[in-house]
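sharing a model that was predicted from the sequence below.
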Amino acid sequence: MTGRLGWAALATAAAVIPFFTSNTYYLYVVISVGLLTIVTAGLNVLVGFTGQTSLGHAGLYAFGAYTAALCVTRAGTSEWIAIAVAVVITSMVGAAVAAAALRVSGPYLAMVTIAFGLIVEGVVIEWGSVTGGPGGIFNIPKPGLRTHYWTVMLAAALALWLTANLRRSAWGRACLAVKSSEVAAESLGLSAYYVRIAAFTVSAAFAGAAGALFTFLNGYISPDSFTLQTSILFLLALLFGGLGRIAGPVAGSVALTILPELLTRLLDYRLILYGSLLLLSIYWLPDGVVGAVSRARRSRPAPLELSLSPLGRGQGEGAGTLLVANGVNLSFGGVAALAGVALTVNRHHIHAVIGPNGAGKTSLLNVLSGFYALQAGTIMVDGRSIDGLSPYAIARHGIARTFQTAQVFGGLSVRDNVAVGVAGPRLGSPLSALFATPGGRARDAFIQSRALDLLEAFGLGELAHEPAESLAAGLRRKLEIARALATEPLLLMLDEPAAGLSPAEIAALDAQLTGLRDQGGPTVILVEHHMDLVMAVSDRITVLDYGRVIAEGAPEEIRQNPAVIEAYLGATT
Amino acid sequence: MYGLVALGYHITWATSRTMNFSQGHAVMVGAVVAYAVFVALGWPFPLALVVTLVALAGFGALVERVAVRPFFLRASPAWLLATIAVGIIAENVAQLTFGKDARAFPSPLMRKPIILGSAGFYPQELLVPVVGLLLMGLVQLFYHRTAYGKQLKAVAWNPEAAGLMGINIPRAVMASYALSALLAGVAGVLLAPLLNVSPQMGTIIGLKAFAVAIIGGLTSAPGIVLAGLGYGLVESFTAGYVSTRAREIVGFGLVILVLVVRPWGLLGEKPSRRV
Amino acid sequence: MSALTVSSLRAGYGAVAVLHDVTIEVRPGEIVSVIGGNGAGKTTLLKTIAGVLRPVTGRITFDGRDIGGRSSWWVARHGIALVPEGRGIFGDQSVHDNLMLGALARGSGRDAPAVRADLDSALALFPALVEKLHLPAAALSGGQQQMLAVARGLMARPRVMLLDEPSLGLAPLLVREIFAAIGRLREQGVTILLVEQMAAQALALADRAYVLERGRIALEGAAATVRSDPAVIEAYLGRRAGADPS
């Protein structure tokens, strides 16, 4: 509620300013705020939602500005067409840069984006015949300042609205999921690479639009406006305002545009000021000004009993085998983790994989889900080979998994965690997410209600709106299973789901797993230490030791198998 | 000559998996301090050199304390922006005290060029790669042969386990920053006669050195020195045959190319993926 | 007089408390074992004692001095060595260099002959390491890495050694060797706090034991008493019996 009032007040303020002042200087300042808001709103999608840092957005901003300038001066198009062309071209450039840059991360990514920015700056200066060289382009036809004021304000509002829509959509959740845990996101069928490229492209489009609008503000552009310092300023405005928050770009842009104007007498100290501001905001405002202002309300989750089984529907009906793996080898630096492992799993079975610590159980899961590359052997699922596929591609074959240490998406609510699983790779068009089209909203409503159903079935319904990172370990594990089931997998792989659970919770897990099977749910591969649970729920058991299969059979056979007894006897004495 | 500065990135990376994004500004500080004590105050060169290096080690320690330590143990990437912020501040302070204009830095090795065929160069230009190679050798020796170097390597491999060995982690990281800034100081003194001294000189040196470090591989000192030489050659060829501006475009284009083909650098170690 | 006491300790990661109210005591020369399921807080307990994690509330005293909240390097240099779960081996350095890094925290006997003597006795304890001395530690098998970790801990000449799951990932034969080595350590007068999932072996070796459940001490006493407790058999010893019909 207060949030809406704030937005209304902001909109009103922006709307009345032109009626109270005829001083063009003020209009100019507010327009600058608007332009910075547009760029940082786009940057927010990349840095705030997706967690990738760019120090090259001035390059994209330049692309937008020069494209627009050339459109009107050379091709003689109207302002509007120029802006549209600028947005399209900058998006395409952004996508191309992202495809190259996002193969790396961290300092490497920072370097690539810096390099991109400098190359653009260099080309602009060098290619004088087109860009006017160091002097830039002059005499660009521009609209009146007041008209332009309205254009920019509307564009800034649009930018914020679009990012807010995106944040609420399946795309927004996918971005945050990738930021929080790339591994878990891939296990749900999301390609982290693809999601990041999309985010970069969106942010490029915003930068292009702002660049084009910048061109029509002054009527001239020159390379001085598009330096590395500009890129840093963009990032600083975003950080200062509040990373990942919709209002963050506004707050940061206002502060960083108006502050220097107020302190013109201190021009010589401008860089000191910027640097200190950056340091201060990193130290004390990790969520920015907006984050510091908004009160975080958090209630402790009440302990809940595990009940009812969810309806995970398995496709691919019929009996027979679902998964056949043969001769699976894996070694790390000469040490064999898996040596010629064969595994056959029947449809709708619960198939346990047990063995001493370090026997290779988790390694096997990592190979089956594509996190470790298969070094030798074959794996067929549902009659198709999954050799050499990346984790997200394997997830799209209907294989879901959980992790030994539950990987929930920290930045998302409990419901949104499951919603990421429901949507999986089916994110719809980014445009329908940005503009919140009726179709997009209907999709989203469906995804959310399906997520809530699953949470109810897992007894997590009351926690739906809690941030996932506030959950205790046992509940995280439950949430992770719900999220994996949300992808409606053919095969669900659970890595030690009972670890750290109390005896009562283990009994409930037991009921849940058998319930799933009885309702025709997915086939389950269960890696577990807890022998009572394994013996109670499994249809078949494979025993690993030193990366080899030492036994395979029904629980009763395994119980009697001398080799298995020895493996455990050796461990117990 | 970028290789020398780039080694600084390697040193902090090899200890803490972080680095000083304002390494170029450290070079600038080195040049400015050397100018102040050697040219302005007229102290003898050896004394000026010592003062410069001590000042730079202090600068490195300061960067670590202000911009890296708060984030290192939390594994937060905010150090990246924080070190940039320190660099920005350093540049502004230098502007206020030194002035914005570039000044020449006299050196006996710049008086008479050596003529070789049609090309001429100053002895100073020869000194830079020689010192670079020498320091690379020392850095390699330090990390692989000395007990303290091995401690720093242990911190990089697993800070938590290194702490359990009794290694004072913040102090180790600070030492690596001081050492890295010290190298930047050497670079500053060596480059000052070639480039003239100005507060703005840091950014582009830092960026190019960073490019070199990335191309060579952050984990490999020889890779960095090799990449530094290669980068210098490519630059001077482009500058000679195309244009001065184009050398930056080509240089940074090269970085992107290398990263697309070999994301971990030419001689760097391929990071392994952990699940 | 106890060597190490932990009283009313509450600790964990960030805002999430893993230990709620833990009080334990380790007397000089003892082997004390802490057993409990996954996620019970065993590793958190050791990490908090060793200074890797900060206690939220509660006290940790060592030789009568409060060491709660001290940094891990301070604790290491004052006579407590943690052999971490997952071993914490420096894979890019040789076995020898790993051992020498262990010697860094020594309070006394820092001179070369003393270090040399301890190196020899550590290698005597784990002869398998001798021929690998100059190989990078990453080239060792899991079991050898575990031995290296224990040997490296010994190089610090600790008064109290904290062992976190020394049997983790080891072949049954190696497990026996490791436990035998721990037994020999006691004879040398090293005080040991041992965290283990292999409860049966740990209890067989220990003088006293604590059972940790969900961040709280559920049971404590002489190892023999704990071993015959019906609840412990049910939860930690009986599970193995599921696979062992005899």
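Arrived safely, thanks for sending.

what separates the spatially most central residue of chain C from chain B, distance-wise?
Of all residues in chain C, the one closest to the mean position by C-alpha atoms, centre = their mean is C:L163, 1.0 Å from it. Per C-beta to the nearest C-beta, to the nearest Å, C:L163 is found 12 Å from chain B. Bear in mind the C-beta positions are built from the backbone N, C-alpha and C, glycine included.

where does the chain dip in pLDDT?
Picked chain A for this. A:1-2, A:264-267, A:284-319, A:333-335, A:357-358, A:500-503, A:567-573 (pLDDT under 70).

the intended chain is chain C.
In chain C (pLDDT under 70), the answer is C:1, C:14-16, C:38-39, C:168-173, C:234-246.

could you redo the last one with a cut-off of 50?
C:239-246 (pLDDT under 50).

all strands for it, in order.
C:4-13, C:16-26, C:31-35, C:55-62, C:65-66, C:80-83, C:160-164, C:191-196, C:208-213, C:216-222 (DSSP state E).

tell me where the stretch 51-200 of chain B has helices.
B:69-72, B:79-98, B:123-145, B:147-157, B:159-164, B:169-195 (DSSP state H, counting those that start in this stretch).

for chain C, same thing?
C:42-49, C:72-77, C:95-102, C:112-125, C:142-155, C:172-187, C:199-205, C:223-227, C:230-232, C:238-243 (DSSP state H).

closest to B:Q124 out of these?
Minimum separation from B:Q124 across the helices of chain C (C-beta to C-beta) falls at helix C:95-102, 39.7 Å.

so which bits of the stretch 51-200 of chain B are right by chain C?
Within the stretch 51-200 of chain B, the positions near chain C by C-beta under 8 Å from any C-beta of the partner chain are B:147, B:150-151, B:153-154, B:157-158, B:160-169.

give me the buried subset of those residues.
B:150-151, B:153-154, B:157-158, B:160-169 (16 or more other C-beta atoms under 10 Å in any protein chain shown).

okay if I get the helices of chain C as CSV plus mean neighbour count?
Output for those, formatted as CSV (neighbours: other C-beta atoms under 10 Å in any protein chain shown):
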stretch, mean neighbour count
helix C:42-49, 24
helix C:72-77, 23
helix C:95-102, 24
helix C:112-125, 14
helix C:142-155, 24
helix C:172-187, 17
helix C:199-205, 21
helix C:223-227, 18
helix C:230-232, 14
helix C:238-243, 17
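
and residue 175, what does it touch?
No chain was given, so I picked chain A. A:V45, A:F49, A:T50, A:V195, A:A199 (C-beta atoms under 8 Å, 6 or more residues apart in numbering or on different chains).

wrong one, chain B
So B:A175 contacts B:T15, B:Y148, B:L152 (C-beta under 8 Å, 6+ apart).

thinking B:Y231 is in contact with B:L207, fair?
No. The pair B:Y231 / B:L207 is not scored as a contact, 11.7 Å apart, by C-beta atoms under 8 Å.

circling back: can you lay out the contacts of A:C175 as CSV showing secondary structure, distance to C:L82 and neighbour count?
CSV is the format used below for the contacts of A:C175 (DSSP: H, G, I helix; E, B strand; the rest coil; distance: C-beta to C-beta, whole Å; neighbours: other C-beta atoms under 10 Å in any protein chain shown):
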residue, secondary structure, distance to C:L82, neighbour count
A:V45, helix, 43, 26
A:F49, helix, 39, 27
A:T50, coil, 37, 27
A:V195, helix, 40, 25
A:A199, helix, 41, 31
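
one step back: now mean pLDDT and distance to B:A239 too, for the helices of the stretch 51-200 of chain B, in TSV please.
Shown next, in TSV, are the helices of the stretch 51-200 of chain B (pLDDT from 0 to 100; distance: least, C-beta to C-beta, whole Å):
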stretch	mean pLDDT	distance to B:A239
helix B:69-72	75	39
helix B:79-98	84	25
helix B:123-145	84	14
helix B:147-157	88	37
helix B:159-164	88	43
helix B:169-195	88	14
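
let's have these in JSON lines, adding distance to A:G248.
As requested, these are exported to JSON lines (distance: least, C-beta to C-beta, whole Å):
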{"stretch": "helix B:69-72", "distance to A:G248": "20"}
{"stretch": "helix B:79-98", "distance to A:G248": "15"}
{"stretch": "helix B:123-145", "distance to A:G248": "42"}
{"stretch": "helix B:147-157", "distance to A:G248": "34"}
{"stretch": "helix B:159-164", "distance to A:G248": "32"}
{"stretch": "helix B:169-195", "distance to A:G248": "31"}
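
so which of the helices of chain C is nearest chain B?
When the helices of chain C are compared by C-beta to the nearest C-beta, helix C:72-77 sits nearest chain B, at 3.6 Å.

related to what we said a few turns ago, between the buried ones among the residues of the stretch 51-200 of chain B next to chain C, which is nearest chain A?
B:W157 (14.6 Å).

so the closest one sits against C:D92, correct?
Yes. Using C-beta under 8 Å, B:W157 is in contact with C:D92, at 5.8 Å.

the residue of the stretch 351-500 of chain A found nearest chain B in helix, strand or coil?
For the stretch 351-500 of chain A, the residue closest to chain B is A:F371, as judged by C-beta to the nearest C-beta, at 4.5 Å. Of the three states, A:F371 takes coil under DSSP: H, G, I helix; E, B strand; the rest coil.

residues near it, how many?
21 (other C-beta atoms under 10 Å in any protein chain shown).

what's the distance between it and C:L82?
Distance, A:F371 to C:L82, using C-beta to C-beta, to the nearest Å: 30 Å.

contacts only, for the nearest residue to C:T61 once chain neighbours are set aside.
Computed as C-beta to C-beta, 6 or more residues apart in numbering or on different chains, the closest residue to C:T61 that is not its neighbour in sequence is C:T5, at 5.0 Å. By C-beta under 8 Å, 6+ apart, C:T5 lies in contact with C:T23, C:I24, C:E25, C:V26, C:R59, C:I60, C:T61.

quick one: buried ones out of the residues you listed?
C:I24, C:E25, C:V26, C:I60, C:T61.

re earlier: beta partners for the residue nearest to C:T61?
C:E25, C:T61 (DSSP bridges).

ok, now how distant is it from A:F19?
From C:T5 over to A:F19 (counting by C-beta to C-beta), the distance is 74 Å.

mind listing what residue 219 touches?
Picked chain A for this. Taking C-beta under 8 Å, 6+ apart as the test, what A:G219 contacts is A:F138, A:N139, A:I140, A:P141, A:K142.

try chain C instead
C:Y210, C:V211, C:V226, C:D229, C:A231, C:V232.

and those, which two are furthest apart?
Between any two of those (C-beta to C-beta), the greatest distance is 13.7 Å, for C:Y210 and C:A231.

would you mind writing the CA trace of stretch A:215-233 as CSV?
What follows is stretch A:215-233, C-alpha atoms only, in CSV (Å, rounded to 0.1, in the frame of the first residue of the first chain):
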residue,chain,number,x,y,z
THR,A,215,20.6,11.9,-28.5
PHE,A,216,17.4,13.8,-28.8
LEU,A,217,18.0,15.6,-25.5
ASN,A,218,21.0,17.6,-26.6
GLY,A,219,20.9,17.4,-30.4
TYR,A,220,24.6,16.4,-30.4
ILE,A,221,26.6,13.5,-29.2
SER,A,222,30.3,12.9,-28.7
PRO,A,223,32.4,10.0,-27.5
ASP,A,224,33.0,11.8,-24.2
SER,A,225,29.6,10.6,-23.0
PHE,A,226,30.3,6.9,-23.4
THR,A,227,33.5,6.2,-21.4
LEU,A,228,34.2,3.5,-18.9
GLN,A,229,33.3,6.1,-16.2
THR,A,230,29.8,6.2,-17.6
SER,A,231,29.6,2.4,-17.2
ILE,A,232,30.8,2.7,-13.7
LEU,A,233,28.3,5.4,-13.0
